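Participant: Fold the following, please.
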Amino acid sequence: PAAPFQQPRRTSTGWPIPDETDSVHRMSSHPLARLLAITLVTVTLSGSALAQSAQVQVLSENGKAKVLYEGPEPGTLIQHFKDDATAFNAKKHEVIDGKGVLNNRISEYVFQHLNEIGVPTHFIRRLNMREQLIREVEIVPLEVVVRNTAAGSLSQRLGIEEGTQLPRSIIEFYYKNDALNDPMVSEEHITAFGWASPQEIDDIMALAIRVNDFLSGLFLGVGIRLVDFKMECGRLWENDLMRIVVADEISPDSCRLWDIKSNEKLDKDRFRRDLGGLLEAYTEVAKRLGILMENERPAGSGPVLVKG
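Facilitator: Next up is the predicted model:
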């Protein structure tokens, strides 16, 4: 019988790790080796906490909203937040000056508090206004979406009016593949194709519930409703032990956040739906969380966008 299909292990950049017994393949075919051999790029990070060493190596392809760089210690990476705003798998794209600064600060705030309450994450510390030091993990190729209120694709798929409170929180899985528009998948798909084991799915769902409980309370306390959010998880290897941790980012880019009184959108839907005022919305979230002072604007922010 044919051998069952197994998804290869992946690095934090999402690249497959080749079979270690195949030394020729490891040296010549690994995407990381090809990238470093063919398109090795060094960049100067002006204003970076690591600028004393002047140059670091890019370790990942340019992501839609972030770039990963080699970290100062083995097992670490630097996550750089860009000002790019994208939607519909980058079919819609714009650069909004200051957005990366806000996402970095908000994500730092969330991950720091998750670490404090015992939710394991990849976050170590913020380095500067645009960068974080994180642990290198194998990204599980799934987007985990937790929904509390009907909105977005759920409303479209099931014909439920946006803003309808769901009977209970719903967890959905989407396969991370831009070419396929990140299709929704079931636990059966996930285990059949080796993207995650049944135990890992249980761990991911347990983390998703804990993160949802924390975020719902956090935002409710500042007058914001957590409609839904997306999170990603990774496998953190410590010697021969592995555990699932929360990775990527949690920010208005990955959450639907509505003002409790007015239902004003304070998230990336302002960009998706051409409402305008994205930077102001993200700034409002940061101010309510106490990250920015009342009259402070993110460093490097450009002209104020007109609210829709």
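
Participant: for the stretch 101-250 of the chain, what spans make up the strands?
Facilitator: Per DSSP state E, counting those that start in this stretch, the stretch 101-250 of the chain carries strands over the ranges 123-126, 131-135, 138-139, 142-149, 165-175, 184-185, 224-238, 241-247.

Participant: so can I have a markdown table of those strands showing mean neighbour count, distance to residue 277 and mean pLDDT?
Facilitator: Placement of C-beta: from N, CA and C, glycine included. Rendered in a markdown table, the data for the strands of the stretch 101-250 of the chain read as follows (neighbours: other C-beta atoms under 10 Å; distance: least, C-beta to C-beta, whole Å; pLDDT from 0 to 100):
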| stretch | mean neighbour count | distance to residue 277 | mean pLDDT |
| --- | --- | --- | --- |
| strand 123-126 | 18 | 26 | 98 |
| strand 131-135 | 22 | 26 | 98 |
| strand 138-139 | 20 | 32 | 97 |
| strand 142-149 | 21 | 21 | 98 |
| strand 165-175 | 14 | 26 | 98 |
| strand 184-185 | 16 | 30 | 98 |
| strand 224-238 | 21 | 16 | 97 |
| strand 241-247 | 18 | 29 | 97 |
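
Participant: Indicate which one of these is closest to residue 72.
Facilitator: Closest to residue 72 of the strands of the stretch 101-250 of the chain is strand 131-135 (C-beta to C-beta; 7.6 Å).

Participant: by contact count, what packs against the closest one?
Facilitator: strand 76-81, helix 99-116, strand 123-126 (3 or more C-beta pairs under 8 Å, 6 or more residues apart in numbering; DSSP states H and E).

Participant: Would you format the ones you listed as TSV with distance to residue 226 included?
Facilitator: As requested, these are exported to TSV (distance: least, C-beta to C-beta, whole Å):
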stretch	distance to residue 226
strand 76-81	21
helix 99-116	11
strand 123-126	19
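
Participant: which residues of this protein score low on pLDDT?
Facilitator: Residues of the chain meeting the criterion pLDDT under 70: 1-62, 294-308.

Participant: All the helices of it, residue numbers only.
Facilitator: Counting by DSSP state H, the chain has helices at residues 23-28, 31-39, 99-116, 152-158, 187-192, 198-220, 269-272, 278-288.

Participant: how about CSV for these, with distance to residue 171 and mean neighbour count added?
Facilitator: Formatted as CSV, these follow (distance: least, C-beta to C-beta, whole Å; neighbours: other C-beta atoms under 10 Å):
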stretch, distance to residue 171, mean neighbour count
helix 23-28, 36, 11
helix 31-39, 31, 13
helix 99-116, 17, 21
helix 152-158, 12, 13
helix 187-192, 10, 14
helix 198-220, 5, 16
helix 269-272, 21, 21
helix 278-288, 23, 22
